[in-house]
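In: For reference, the sequence and a predicted model appear below.
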Amino acid sequence: MTITIYHNPKCGTSRNTLALIRNSGEEPRIIYYLETPPSPAELATLLKNMGIGVRDLLRNNVEPYATLGLEEDRFSDEQLIGFMVRYPLLINRPIVVTPLGTRLCRPAEKVLDILPNPQQGMFSKEDGEIIIDATGKRVK
């Protein structure tokens, strides 16, 4: 089985998502998208498979969002995808691809909806919030 996560290890949500995948007994393929961004075609496919719009994946709280004027509604989807490929920090994360679907996993527990295997034990987020109980059942 192949699970892929587009991961930023500096992001708590991304770390929690990766830990939930591992708690299901899987070791995913990890793509450090800041170092190896997806191509425009790959990003378009991910968006299509997630069923979300380009702006839904665009981070607006980082540079160069304001510098590029991305808040303006004058850019096509293709142009926005081009900016995300050129400046991968603009891509919201983590994105997870499994045989059951593709999701932007914010919050991290969204990954539970697309993991083929159940959780194997208790899991709490880095902030202490319990997501999975000791029996492997979802709390939230």
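Out: Received it, and whenever you're ready, just let me know what you need. Numbers count the residues shown, from 1 in each chain.
In: quick one: the helices in this structure?
Out: For the chain, the helices defined by DSSP state H cover 12-23, 40-50, 54-57, 65-68, 77-86.
In: ok, Cys105 touching Pro94?
Out: Yes: with contact defined as C-beta atoms under 8 Å, Cys105 and Pro94 form a contacting pair (5.2 Å). Every C-beta, even on glycine, is put in place using the N, C-alpha and C of the backbone.
In: Which neighbours do these two have in common?
Out: Common neighbours of Cys105 and Pro94 (criterion: C-beta atoms under 8 Å, 6 or more residues apart in numbering): 13, 17, 111.
In: Would you confirm that the last one contacts Leu20?
Out: This means Val111. Yes: if you go by C-beta under 8 Å, Val111 and Leu20 touch, sitting 5.2 Å apart.
In: Would you map the strands across the protein?
Out: Here the chain has its strands, by DSSP state E, at 4-7, 29-32, 95-98, 101-104, 123-124, 130-132.
In: So which of the ones you listed has the densest surroundings on average?
Out: With neighbours defined as mean count of other C-beta atoms under 10 Å, the strands of the chain peak in mean count at strand 95-98, which reaches a mean of 24.
In: List the strands paired with that one, with their directions.
Out: Strand 95-98 has its sheet partners listed here by DSSP bridges as strand 4-7 (antiparallel), strand 101-104 (antiparallel).
In: Can I get those strands in CSV including distance to Thr45 and mean pLDDT?
Out: Shown next, in CSV, are those (distance: least, C-beta to C-beta, whole Å; pLDDT from 0 to 100):
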stretch, distance to Thr45, mean pLDDT
strand 4-7, 12, 98
strand 101-104, 9, 98
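In: circling back to that earlier point, for Asn117, find the nearest of the helices of the chain.
Out: Asn117 lies closest to helix 12-23 among the helices of the chain, at 9.4 Å (C-beta to C-beta).
In: residues in contact with that closest one?
Out: By C-beta under 8 Å, 6+ apart, helix 12-23 touches 3, 5, 7-9, 28, 30, 93-94, 96, 105-109, 111-112, 115, 119-121, 123, 125-127, 131-132.
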